[in-house]
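Trainee: all I have is the shape, not the residue letters:
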Ligand SMILES: Nc1ncnc2c1ncn2[C@@H]1O[C@H](COP(=O)(O)OP(=O)(O)OP(=O)(O)O)[C@@H](O)[C@H]1O
Ligand SMILES: [Mg+2]
């Protein structure tokens, strides 16, 4: 069952918006997350930058376990369940409280990465992925998902920070990365209200402009109050959530 949404003490609907960035390695997610955070801040909008796996103290602990390889011997299903456990805490402690406060939550990877990396590559049955998604995210689906699309070779080259072609090992992994890319594109096609696909081979400035146009069009036209946190008495929900520290600009703490 989906975890209960925290109840606001105020009757006005939350003004927060939930934006996720998806795409393969080196597609430019982190670059564009930072650019969008700056633009929102310039507009006077409170933001919370977060990421998956992780994004809350307990979820960051699970992230370290997942990335250390300690969970892998338990099998792909168990690994997917741990990803979902981390997501439950991330949503409960970080994302929902921030949305309730009226913040724009910008998340680097979310459910579509699980669909792609655990699901589409055949490691975990799609029905388990879908069930875990319902349990973890419930009603808290992103308002907008930006899929940054680049050919696998370009993404891998960028991610590794060098201009030469992929080595033999990377070539062998190409089918995997190609399946990941196709999964993101298929999700975007099947959920066009939520997702936009951006050609991420373009210069970063151009991508930034396209993202900003989409954000403005969806969230900032004709509602001057959007994104301005509705301050409650006492500690903010963000503080109560004891999120991992983040820089003032909204950058994710390392
Ligand atoms: N549009 C762009 N054109 C060329 N290079 C870019 C562009 N966007 C980002 N880069 C560069 O590509 C590299 C990878 O970018 P970035 O770290 O933002 O990708 P990412 O999607 O977050 O990767 P990862 O999945 O590994 O976290 C960085 O060196 C970045 O400066
Ligand atoms: Mg990144």
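Mentor: Everything's here; your move. All of these numbers come straight from a predicted model, not from anything done at the bench. Numbers count the residues shown, from 1 in each chain. Ligands and ions are numbered 1, 2, ... in the order given.
Trainee: can you give me the strands in the stretch 101-250 of the chain?
Mentor: 104-108, 144-149, 195-199 (DSSP state E, counting those that start in this stretch).
Trainee: just those strands: most buried one?
Mentor: Mean neighbour counts were taken over those using mean count of other Cβ atoms under 10 Å, and the top value, a mean of 25, falls to strand 104-108. All C-beta spots, glycine's among them, are computed from the backbone N, C-alpha and C.
Trainee: helices or strands up against that one?
Mentor: Packing contacts for strand 104-108, counted by 3 or more Cβ pairs under 8 Å, 6 or more residues apart in numbering; DSSP states H and E, involve strand 17-22, helix 29-42, strand 47-51.
Trainee: format those as JSON lines; extra columns: mean pLDDT and distance to ligand 2.
Mentor: Supplementary listing: these in JSON lines, determined by pLDDT from 0 to 100; distance: least, Cβ to the ion, whole Å:
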{"stretch": "strand 17-22", "mean pLDDT": "98", "distance to ligand 2": "9"}
{"stretch": "helix 29-42", "mean pLDDT": "97", "distance to ligand 2": "3"}
{"stretch": "strand 47-51", "mean pLDDT": "98", "distance to ligand 2": "8"}
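Trainee: nearest to residue 195, of these?
Mentor: Within the helices and strands packed on strand 104-108, the stretch nearest residue 195 is strand 17-22; the backing value is 8.1 Å (Cβ to Cβ).
Trainee: how far off centre is that closest one?
Mentor: With Cα atoms, centre = their mean, to the nearest Å as the basis, the distance from the averaged C-alpha position of strand 17-22 to the chain average is 5 Å.
Trainee: does it reach ligand 1?
Mentor: No - figure legend: strand 17-22 not in contact with ligand 1 (Cβ under 6 Å from any ligand atom); closest approach 7.8 Å.
Trainee: try stretch 101-108
Mentor: No - contact check for stretch 101-108 against ligand 1, using Cβ under 6 Å from any ligand atom: none in range, with a minimum separation of 6.8 Å.
Trainee: who in this structure is up against ligand 1?
Mentor: Counting by Cβ under 6 Å from any ligand atom, the residues of the chain close to ligand 1 are 23, 25-31, 158-159, 161, 200, 203-204, 207.
Trainee: recalculate using a threshold of 5 Å.
Mentor: By the criterion of Cβ under 5 Å from any ligand atom, the positions of the chain lying close to ligand 1 are 25, 26, 27, 28, 29, 30, 31, 158, 159, 204.
Trainee: can you pick out the most distant pair from those residues?
Mentor: Spatially, the most separated pair among the residues of the chain next to ligand 1 is 25 and 204, at 16.3 Å (Cβ to Cβ).
Trainee: quick one on the thing from earlier: buried members of the residues of the chain next to ligand 1 into PyMOL, please.
Mentor: If you want just the buried ones from the residues of the chain next to ligand 1 in PyMOL, going by 16 or more other Cβ atoms under 10 Å, the selection is:
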select buried, resi 26+27+28+29+30+31+158
